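Novice: from the sequence below, what's the structure:
(2 chains)
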Amino acid sequence: MKKMLIALIAFAFTSTSSFAGPKIEVLHWWTSGGEAAALKVLKDDFAANGGEWLDMPVTGGGGDAANVALKARIVAGDPPSASQIKGPTIQEYDQEGVVAPYNIDPIAQSEGWDGLLDPMIAAVHKCQNNSGPYCAAPVNIHRIDWMWANKAVFDANGISVPSSWDELNAAAEKLQAAGIIPFAHGGQAWQDATVFEAVAMGIGGNNYYKNCYVDLKETCLRSETTVKVFDQMRKLQGFTDEGSPGRDWNVATGMVIEGKAGFQIMGDWAKGEFTAAGKVPGVDYYCAATPSNNGYLYNVDSFIFYKTSDPDKQEGQKLLAKLMMGKNFQKVFNLYKGSIPARLDVPMDEFDKCAKTSNSDIKTAGASGGLVPSFAHGMAQGNTMKAALQDVITEHFNSDMSSVDAANALADSVLDNM
Amino acid sequence: MAPAVGLIGWFVYGFVLWTLYISFTNSKILPKYELWGVGQYVKLWGSRKWLIAVDNLLIFTALFLIFCVVIGIILAIFLDQKIRAEGVLRTIYLYPMALSFIVTGTAWKWILNPTLGIQKMFIDWGFENFTFDWLVNREMAIYTIVIAGVWQSAGFVMALFLAGLRSVEDEIVKAAKIDGANLFTVYWKILLPMMRPVFFTSFVILVHISIKSYDLIVALTQGGPGISTTMPALYMTQTAFHKSQVGLSAASAMMMFMAVAAVIIPYLYSELRRENAR
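Specialist: Numbering: from 1, shown residues only, chains lettered A, B, ... in the order given. A predicted model of the protein is given here:
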């Protein structure tokens, strides 16, 4: 028995060390439910193409633990071949010099990523200030500005899906009068910011959103429009129940599913909760964009590919990048995850109604200039600025701070962190 | 002996010095080693969130200390009366100490949640206007952390004092009683003044628990509502790992280090001096 064990171990070592072929080490935190199932598709694909996948899952804290592990690896001079990093953080790591010389760019060019992605989303994945070679690959697009509403509750109170924020307020007042919690909300900083950005895009419009939260213009942040956005946030706060602070987002979704509350404003991962409860979009619940002028707040999950001198790993990076952007993975992964494929030419037949809406809206938004990056989910700003905005938004939402004070505090907080 | 000293020297003091160095650099997402001056400290003390954290720390430390010690002493004196089932009661009071702060925080989060816990219970009993919403009220939320912290640690202080009271020789109490002192006077004038070292130990232990308190807040309020219950340790981790401001975070860590040192060093000094005097 012991001999066999030794032989096995010896075999395991020789077989890995003598392996010559594409090889990849992936640091990620997709370990539960649909995400793990979706990732398995990718792993199997990778193995079928003759590659060897070294898995490095780090769970906990929605990626916090993984980020700590990643930093430790980078500081030690031994980054993994690929890890889950998104938005402007890709540029931050590039500036630290751990990404160049951009091994996956040749694949991106030969596969024609420029033609497959919306130009804005393509830019996110290009290093050297969003205009150089590709250094990361997108796996999905989450839409943030969704309103999830219980259809039975809306019908019983004679409410249809609101097309303006005034209509939404009127609907909420109706629900409140009927003794139903209008707005299911979890009072955590990131959830407050998620609602805020949907309101900002809706009330301020797409250009206002870009000026304020992408370009961080001080005059925009202090403007009358920002005050109006905070006014609407104050109204929404009045539509929450008192158990809201600290509540997790999925508990809030559960309140909508059970009909205790009317609606929730949350990204499309909320759909998974409805699906798990056996609810059908359009029949049991509405998935509708929050009121805006053809706006679309996007949040893209990506994988970044670090520099490595190991030729096997360089091959592995190229293979993984190719498979990740492949039609098959983009479809299967997003069917599991509730988001839509990042490449826009994937057939949407197998997707549900909400995903189809998302896919057609992103094309409209892309053409009309309404496609904007979410700051609450780290697409418009790096972590520092995201936290600077979030702190003020959550402080306003959870206090009696006036809208004017909040707008000024928002601008001050941004300037402090410039 | 030597390897242990080496390991502690490197992993404790080495990293303290490393953190001190990083706090003088402009490190963002990853540590950098070019010196940048005291900019991070200037930034830290100009940050609203840090000032809120420091305010909260002062409120929490003061109340946590006072309530733990007062409740601990009262429980210890009651248990000191040679009562029946002392062992059982002692275990009950000491038991919270066996839980981690995460468990304490989660349990109290449910108890104090107005739609799940105490408030709902009273409303269901028919007290329709009963409100107890401290947890979701930004002015009062910090006091819920005090409640949970005291619940957890008061039993520990009780154990310290009980051990102290038990170590006093019976003759002293008897002599006082012969001189006509009542029970209150015995405790107030004789036994408690003799507990000076126990007070000191409790003070040091409780203050450093409160400066480092992190898990209780994460479980109970996550720093909310808003940022109203942020504390220095929470600020430090958020700044390093969510805000990508490693330098600023190191500066806040050094401030906490100095606060702990300000408490511990005089304690160690007095202990060492006493040992030398012997």
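Novice: per-residue pLDDT, B:Leu216?
Specialist: In the prediction, the pLDDT value recorded for B:Leu216 is 91.
Novice: neighbours of it, how many?
Specialist: Other residues near B:Leu216 number 25, with proximity taken as other C-beta atoms under 10 Å in any protein chain shown. For glycine as for every other residue, the C-beta is placed from the backbone atoms N, C-alpha and C.
Novice: show me what contacts the nearest residue to it once chain neighbours are set aside?
Specialist: In space, B:Leu216 comes closest to B:Phe101 once its chain neighbours are excluded; the distance is 4.1 Å by C-beta to C-beta, 6 or more residues apart in numbering or on different chains. Taking C-beta atoms under 8 Å, 6 or more residues apart in numbering or on different chains as the contact definition, B:Phe101 lies against B:152, B:213, B:215-216, B:219.
Novice: which parts of chain B sit against chain A?
Specialist: Proximity of chain B to chain A (C-beta under 8 Å from any C-beta of the partner chain) is limited to residues B:28-31, B:43, B:46-49, B:109, B:113-116, B:133, B:135-136, B:138, B:221-228, B:238, B:241-245.
Novice: could you list which of the residues you listed belong to strands?
Specialist: Among the residues of chain B next to chain A, DSSP state E puts none in strands.
Novice: which among the contacts of B:Phe101 gets closest to chain A?
Specialist: For the contacts of B:Phe101, the minimum distance to chain A (C-beta to the nearest C-beta) is 10.1 Å, reached by B:Ala219.
Novice: got the phi/psi numbers for that closest one?
Specialist: Backbone geometry at B:Ala219, expressed as degrees, to the nearest 10, gives phi -70, psi -40.
Novice: check A:Tyr296 too.
Specialist: phi -150, psi 110.
Novice: just the pLDDT for it.
Specialist: According to the prediction, A:Tyr296 has pLDDT 95.
Novice: ignoring the adjacent residues along the chain, who's closest to it?
Specialist: Closest residue in space to A:Tyr296, ignoring its immediate chain neighbours: A:Ala365 at 3.6 Å, by C-beta to C-beta, 6+ apart.
Novice: does the one you found really touch A:Leu297, like I thought?
Specialist: No: here A:Ala365 does not reach A:Leu297: they are 9.2 Å apart, not a contact under C-beta atoms under 8 Å.
Novice: who's more crowded, the two?
Specialist: Between A:Ala365 and A:Leu297, counted using other C-beta under 10 Å, the more crowded position is A:Leu297 (32 against 24).
Novice: tell me the SS of that one?
Specialist: strand (DSSP: H, G, I helix; E, B strand; the rest coil).
Novice: that older thread, now list the buried members of the residues of chain B next to chain A.
Specialist: With burial judged by 16 or more other C-beta atoms under 10 Å in any protein chain shown, the buried subset of the residues of chain B next to chain A is B:28-31, B:43, B:47-49, B:109, B:113-114, B:133, B:135-136, B:138, B:221-228, B:238, B:241-245.
Novice: of those, which belong to helices?
Specialist: The helices, defined by DSSP state H, take in B:43, B:48-49, B:109 from these.
Novice: quick one: is the one helix or strand A:Phe230 maps to near chain B?
Specialist: Assigning secondary structure by DSSP states H and E places A:Phe230 in helix A:224-238. No: applying C-beta under 8 Å from any C-beta, one finds helix A:224-238 out of contact with chain B, separated by at least 10.6 Å.
Novice: which residues touch that helix?
Specialist: Counting contacts by C-beta under 8 Å, 6+ apart, the residues outside helix A:224-238 that touch it are A:165, A:169, A:172, A:183, A:185, A:195-196, A:199-200, A:203-204, A:208, A:212, A:220, A:393, A:396-397, A:403-404, A:406-407, A:410.
Novice: mind redoing it with 6 Å?
Specialist: For helix A:224-238, contacts defined as C-beta atoms under 6 Å, 6 or more residues apart in numbering or on different chains pick out A:165, A:169, A:183, A:199-200, A:203-204, A:208, A:396-397, A:403-404, A:406-407.
Novice: where does the stretch 101-250 of chain B have low pLDDT?
Specialist: Applying pLDDT under 70 to the stretch 101-250 of chain B flags no residue at all.
Novice: same question for the stretch 1-150 of chain A.
Specialist: Applying pLDDT under 70 to the stretch 1-150 of chain A flags the ranges A:1-19, A:33, A:60-62.
Novice: near chain B, which residues of it?
Specialist: A:64, A:92, A:96 (C-beta under 6 Å from any C-beta of the partner chain).
Novice: neighbour-wise, which of these leads?
Specialist: Neighbour counts for the residues of the stretch 1-150 of chain A next to chain B, by other C-beta under 10 Å, peak at A:Glu92, which reaches 17 neighbours.
Novice: so which bits of the helix or strand hosting that one are buried?
Specialist: Taking DSSP H and E as the definition, A:Glu92 sits inside helix A:89-95. Taking 16+ other C-beta under 10 Å as the neighbour-count basis, helix A:89-95 is seen to contain the buried residues A:89-94.
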